[in-house]
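Peer 1: pasting the sequence and the predicted coordinates here, then a few questions.
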Amino acid sequence: MDTSQATRPAAEALKKTPTSLPGVFVLEPRVFGDERGFFFESYNQQNMSKVGIADTFVQDNHSSSSRNVLRGLHYQLNHPQGKLVRVVEGEILDVAVDLRKSSANFGRWEAVRLSGENKRMLWIPIGFAHGFRVLSDRAQVLYKATDFYAPEHEHTILWSDPDLKINWELDTDPIVSAKDQRGGAFRNSESFD
């Protein structure tokens, strides 16, 4: 078990690492571990505020998926959601796509490996589409959302969109829901201002 994070100063409860997309970042909690197991705070409002997440979360989601399941790319223009994503079992490739027309990174994507082992979290603010692919035999994914799921306002961009060219690290075809297979083209998608 990796206990190296336990040596962080008490003031640094969360390590924040920026990604190539401004606003999207990886968080690593301070983990206390020994022969019995481990303990860490997966959410603490004060610590989140210190790293720049002042949003209020209104919904927690939990998905369980088998190897090679690919979910996404989802977003809501009305009732937009910021998401704090983590994995409690298994490993995923978590992807955020910048859909902010005013952004210099519009149409760019970032992929981060999240796992029960590394205990990393990915903060995806409003203005991004989100999706993930399961890399392990099974993955339990938890995420907090800043607004309620509104299926009537959900949009889906095709995971394999040729303009986005997302590297899902595939060695075989993924398992994708019928809804996600009908995802639209990025070039025709509605975006954030």
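Peer 2: Thanks, I have it. None of these values were measured; they are calculated from a predicted model.
Peer 1: alpha carbons only for contacts and neighbour counts from here, please
Peer 2: OK.
Peer 1: got the contact list for the closest residue to Arg133 other than its chain neighbours?
Peer 2: Nearest non-adjacent residue to Arg133, counting by Cα to Cα, 6 or more residues apart in numbering: Leu70, 4.2 Å away. Neighbour list for Leu70: Gly131, Phe132, Arg133, Val134, Pro174, Ile175, Val176 [criterion: Cα atoms under 8 Å, 6 or more residues apart in numbering].
Peer 1: save these as TSV, and put in distance to Trp109, pLDDT and neighbour count too.
Peer 2: Output for the contacts of Leu70, formatted as TSV (distance: Cα to Cα, whole Å; pLDDT from 0 to 100; neighbours: other Cα atoms under 10 Å):
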residue	distance to Trp109	pLDDT	neighbour count
Gly131	11	98	20
Phe132	12	98	23
Arg133	14	98	26
Val134	18	98	28
Pro174	19	98	15
Ile175	21	98	17
Val176	19	98	16
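Peer 1: which of these sits closest to Tyr149?
Peer 2: The closest of these to Tyr149 turns out to be Gly131 (Cα to Cα; 15.0 Å).
Peer 1: picking that back up, so which of the contacts of Leu70 sit within strands?
Peer 2: Taking DSSP state E, the ones among the contacts of Leu70 that sit in strands are Gly131, Phe132, Arg133, Val134.
Peer 1: dump those to a markdown table, plus distance to Gln181.
Peer 2: Shown next, in a markdown table, are the ones in strands among the contacts of Leu70 (distance: Cα to Cα, whole Å):
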| residue | distance to Gln181 |
| --- | --- |
| Gly131 | 13 |
| Phe132 | 14 |
| Arg133 | 14 |
| Val134 | 17 |
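Peer 1: which of those residues lies closest to Glu28?
Peer 2: Phe132 (18.9 Å).
Peer 1: was I right about the closest one contacting Arg71?
Peer 2: Yes: applying Cα atoms under 8 Å as the test, Phe132 and Arg71 come out as touching, 5.4 Å apart.
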